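K.L.:
predicted coordinates and the sequence they were generated for:
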Amino acid sequence: MEPLTGMGVLALMGAAATIAGASEDLESDVGSQSNPNSQVQLAPQMMYPHRIYNKAVSGEPPSNALMCAIGGTTATVLMNTGASAALALVIGAIVAAAIHGTYSVTSYFGRSASQKRFKQPIYLDIIRSHTPVIMGYAFITTFCILVVSYLMVTAMAHPFSLPLLAFIWGITVGAIGSSTGDVHYGAEREFQAVEFGSGLNAANSGNIVRKAESGLRNGIDNSWFCAKFGGPVTGLAFGMTVFLSGWVTAVFDASRGDAIGWVSVLAGVIIVLILILWNRNIEVAARAAYGTYKEDEAEAEVAA
Amino acid sequence: MSAGGSGAAAEAIPQNNIMAFGVLGGLIGVYGAYFLVGMVGQYMSFIGALGAICGMVWGAAAVRRVASYGLGTGVPSIGMLALGMGVIAATFGLAVGGVAGPVVALVVAAIIGLMIGVLANKILKMGIPIMEVSMTEIATAGTITILGLSVAMTGTFDFPVVLSQVISTGYIAVIFIAGGLAILHPFNACLGPDEKQDRTLMCAVEKGSIAMIVAGIVATTNPNASGALTILIGIALWYVAFSGFYDRTKRDAYDVVGAGMLPSKEELE
C-alpha cells in the first residue's frame, strides 16, 4: 500500500479507536462495571443501600469482547449475503448493543435480588432510564471497534477475519478502559466525601456517595462526571495504542524488506522507552508537587 | 450462601442430576442434530444449540459451586478457562475421532480439567475441596458448548467442515465468548448472600438462548444448517427464560419498586 494511504487509514483507525475508548469507559461508568463495582456491591452490606446501577456482567474485557464479537459476526454474515459494509457494521452494532442490554439487566436484577438481607430494593426506573444509555454507549463502542477491524481486514489486508479481530480489539478496549478510566470513577467519584488523595480507609469501605447535587445519585450522574476526564483520557489511551502500534509498521513497512522490518521493531522499542520515561517524569513531578502522605494531626498527637 | 465467603453452596437440585442433564442432553443434542440433519433435513440443526444450552447450564452450575468458595473476581476467569480447555479438547476430539469425535472430545476435556484441578490444589495450593471435580465438569461443559454451537452453525461435526466454516472464518471467537459468558455470567450476575440456585440456572438458560440466536445468525449463511428456525426457537426460549428469571427475581428480592427513595433508617434496623 502507498505509505500516504496507509497513514490516512491509520489516522481514521486512530480516530475511531479514540471514540471507542471514551464510550467504553462511560458505558462501564453508567453501570458501575469492573473495579468500582466492588464498592457498589459492598455498600448495602455496610447499611448504605443506593440507587446506583450494579452492572456486574463480568470484567470489562470479556463483556466488550462479547459485544464486539457478536457485532463482527453479524456484520460478516450480512456482508456475505451482499449487504454494504456501512449497513452491515451498523446492524451488527445494533444486535450487539441489544444483547449487551439483556446482560446489563440480568446483572442488576441478579445482584440486587441476592442482597435481600441487606434490604437493597430493585428500582425499575433505574432499569428503564439507565439500560438505554448503556446500550447507546455499547452501540458506539461496538461500531467504532468494527470500523477499526474492518479497515484492518480490507485496507490493510490483515490475515485474521473480522469476527476474530473484533474479538481481540474488544478485549483490548475493555482492558484499557478498565485500567485507565476506572480510577477516575472509583477513587474520585465514589469517595468524593473524603479528602482528595487520602486513599481508602477500611472504615470508609462501602460508604460511597449516594446523594447527588439534587436528589439521589445514580449511574447517569456518574457518567456525567466521568465524561469530563475519565472517558476522554481512556479514549486517548486506546487511540494512542491503536495509532502507535500501527504507525511503526505503516511507516517502516516490513513487506519491503527485512531491514525495514527490523527498523519498525526498533521504532516500537523507542516509543515504549519514551513512554516509560514520560510516565516516570509525571510521577516524579506529582510527588514533588503534592509531597508524601501526611500523617493525620490527631493521630500524631496520640502517638506523641 | 455465597457472599464471596467460603463454604459449599446450597443446592435445591443435586449437582449429580445437573451433571447427567449436561452430559446426556449435550450428547443427545450434538448427535441428534448430526443424524437428523442427514435423515430429515437441514432445519434440524437447531437441536445442536439445545445440546449446547444443556452444557452451558451445567457449566454455570459447576462455576456456582466452585466459586462459592470465595472466588470473587475469579469467576470470569474460570469461565474463560472452561472454554479455553474446551477449544483444545473439541478440536482434538473432532480431528481424531470421526463419528465418535464428540465422545473423544469429552473424555479429553475431562482429563485436561482433572489435570488443571490437581495442579490448582496440589501445586498452587488453593485448597478448595471440590476443585478437581469442578474443573473436570467445567472443561467438559465448555466442550459440549463448543460442539453444540458448532453443529448448530454448520449442521455437522465433520472436522474439515468445522475447520473451514467455524474456525477459519473466525466464528469460533463468538462461540468462545458467548459460550464462556453464558457459563460465567449467571453466577457473577447473581453473586451475593441470598443467591438461589434456580434463579442462577434460569439466567444460564437465558444466556444460552442468546448464544443459540447468535449461532442461528451464523447458520443463515450455511446451506447445511437452518438459521431461521434456530433464531426463532432461540428467541422463544429467551423470552420464557427471561420471564422465569424475572419471576424469581421478584420472589427473591427485598422489594421491587417502580421508583422510590432509599429504605429509611428504621427499615434498615
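P.N.:
Sure, I can see it. Residues are numbered from 1 along each chain as shown, chains lettered A, B, ... in the order given.

K.L.:
once you drop chain neighbours, what's closest to B:R64?
P.N.:
What sits nearest to B:R64 in space, not counting adjacent residues and going by Cβ to Cβ, 6 or more residues apart in numbering or on different chains, is B:F187, at 4.4 Å. For the C-beta atoms, the positions are set from N, CA and C on the backbone; glycine is no exception.

K.L.:
check the secondary structure at the residue of the stretch 101-250 of chain B found nearest chain A for me.
P.N.:
At 2.6 Å from chain A, B:G192 is the closest residue in the stretch 101-250 of chain B, using Cβ to the nearest Cβ. Applying DSSP: H, G, I helix; E, B strand; the rest coil to B:G192 yields a three-state assignment of coil.

K.L.:
run a quick neighbour tally on it.
P.N.:
Using other Cβ atoms under 10 Å in any protein chain shown, B:G192 has 26 neighbouring residues.

K.L.:
ok so, going back, just checking, what packs against the helix or strand the residue nearest to B:R64 falls within?
P.N.:
Assessed by DSSP states H and E, B:F187 sits inside helix B:171-190. Packing contacts for helix B:171-190, counted by 3 or more Cβ pairs under 8 Å, 6 or more residues apart in numbering or on different chains; DSSP states H and E, involve helix A:60-80, helix A:85-113, helix A:162-176, helix B:46-67, helix B:74-97, helix B:131-154, helix B:197-219.

K.L.:
C-terminal to the last one, what's the next element?
P.N.:
Once the chain leaves helix B:197-219, the next helix or strand it forms, by DSSP H and E, is helix B:227-252.

K.L.:
repeat that for the third one.
P.N.:
For helix A:162-176, the succeeding helix or strand toward the C-terminus, using DSSP H and E, is helix A:182-188.

K.L.:
apart from its chain neighbours, what residue comes closest to B:A259?
P.N.:
B:A259's closest residue in space is A:D125 (Cβ to Cβ, 6+ apart), at 4.1 Å.

K.L.:
ok, that neighbour to A:G257 distance?
P.N.:
63 Å (Cβ to Cβ, to the nearest Å).

K.L.:
where does chain A have low pLDDT?
P.N.:
For chain A, the stretches with pLDDT under 70 are A:1, A:292-304.

K.L.:
mind listing the strands for it?
P.N.:
A:122-123 (DSSP state E).

K.L.:
where does it get nearest to chain B, which residue?
P.N.:
Going by Cβ to the nearest Cβ, chain B is nearest to A:S114 of chain A, at 2.6 Å.

K.L.:
quick one, phi psi at that residue?
P.N.:
Dihedral pair for A:S114: phi -80, psi 0, per degrees, to the nearest 10.

K.L.:
which residues does it contact?
P.N.:
B:190-196, B:252 (Cβ atoms under 8 Å, 6 or more residues apart in numbering or on different chains).

K.L.:
show me the two of those residues that sit farthest apart.
P.N.:
Pairwise distances across those (Cβ to Cβ) peak at 13.2 Å, for the pair B:L191 and B:D252.

K.L.:
would stretch A:79-86 count as contacting chain B?
P.N.:
Yes. Stretch A:79-86 lies within reach of chain B by Cβ under 8 Å from any Cβ of the partner chain, at A:80-81.

K.L.:
that older thread, which among the helices and strands packed on helix B:171-190 is found nearest to A:N279?
P.N.:
Going by Cβ to Cβ, the one of these nearest A:N279 is helix A:162-176, 15.0 Å.

K.L.:
chain center to the closest one, what's the gap?
P.N.:
With Cα atoms, centre = their mean, to the nearest Å as the basis, the distance from the averaged C-alpha position of helix A:162-176 to the chain average is 12 Å.

K.L.:
about what we covered before: name the nearest residue to the residue of chain A closest to chain B, sequence neighbours excluded.
P.N.:
With Cβ to Cβ, 6+ apart, the residue lying closest to A:S114 is B:G192, at 2.6 Å.

K.L.:
how about A:V209?
P.N.:
Sequence neighbours aside, A:Q192 is the residue nearest to A:V209 in space, at 5.0 Å (criterion: Cβ to Cβ, 6+ apart).

K.L.:
now that neighbour, what are its backbone angles?
P.N.:
Backbone geometry at A:Q192, expressed as degrees, to the nearest 10, gives phi -60, psi -30.

K.L.:
my guess is it contacts A:I208. True?
P.N.:
No. Contact criterion Cβ atoms under 8 Å: A:Q192 and A:I208 do not qualify, at 9.0 Å.

K.L.:
these two: which is more packed in?
P.N.:
Taking other Cβ under 10 Å, A:Q192 and A:I208 do not tie; A:I208 has more neighbours (23 against 12).

K.L.:
and B:M261, that's in a helix?
P.N.:
No. Under three-state DSSP, B:M261 sits outside any helix and is assigned coil.

K.L.:
give the full set of residues in contact with it.
P.N.:
Listed by Cβ under 8 Å, 6+ apart, the contact set of B:M261 reads A:L216.

K.L.:
how near is it to A:R210?
P.N.:
11 Å.

K.L.:
centroid-nearest residue for chain B?
P.N.:
B:M56 (1.6 Å; Cα atoms, centre = their mean).

K.L.:
contacting residues around the one residue sitting closest to the centre of chain A?
P.N.:
By Cα atoms, centre = their mean, chain A has its centre lying nearest to A:G177, at 2.5 Å. By Cβ under 8 Å, 6+ apart, the contact set of A:G177 is A:21, A:24-25, A:28, A:34, A:60, A:64, A:234, A:238.

K.L.:
and which of those is nearest to B:I116?
P.N.:
Using Cβ to Cβ, these come closest to B:I116 at A:E60, 25.1 Å.

K.L.:
just give the nearest non-adjacent residue to B:G227, would you?
P.N.:
In space, and not counting its chain neighbours, B:G227 is closest to B:T220: 3.1 Å by Cβ to Cβ, 6+ apart.

K.L.:
surely the one you found touches B:V214?
P.N.:
No. B:T220 is beyond contact range of B:V214, at 11.3 Å (criterion: Cβ under 8 Å).

K.L.:
these two - which one has more neighbours?
P.N.:
More crowded of B:T220 and B:V214, by other Cβ under 10 Å: B:V214, with 32 against 17.

K.L.:
and that one, what does it touch?
P.N.:
By Cβ under 8 Å, 6+ apart, the neighbours of B:V214 are A:70, A:73-74, A:99, B:174, B:178.

K.L.:
and B:F159, by the same measure?
P.N.:
B:91, B:94-95, B:101.

K.L.:
among those residues, which ones are buried?
P.N.:
Neighbour-count burial (16 or more other Cβ atoms under 10 Å in any protein chain shown) applied to the contacts of B:F159 gives B:91, B:94, B:101.

K.L.:
surely the second one meets B:L106?
P.N.:
Read it as B:L94. No. Contact criterion Cβ under 8 Å: B:L94 and B:L106 do not qualify, at 11.4 Å.

K.L.:
count of neighbours near the residue nearest to A:L78 when sequence neighbours are not counted?
P.N.:
In space, and not counting its chain neighbours, A:L78 is closest to A:A88: 3.8 Å by Cβ to Cβ, 6+ apart. A:A88: 24 surrounding residues under other Cβ under 10 Å.

K.L.:
the nearest residue to B:T145 once chain neighbours are set aside: how many residues sit nearby?
P.N.:
Counting by Cβ to Cβ, 6+ apart, the nearest residue to B:T145 once its immediate chain neighbours are dropped is B:G179, at 3.9 Å. When neighbours are defined as other Cβ under 10 Å, B:G179 has 31 of them.
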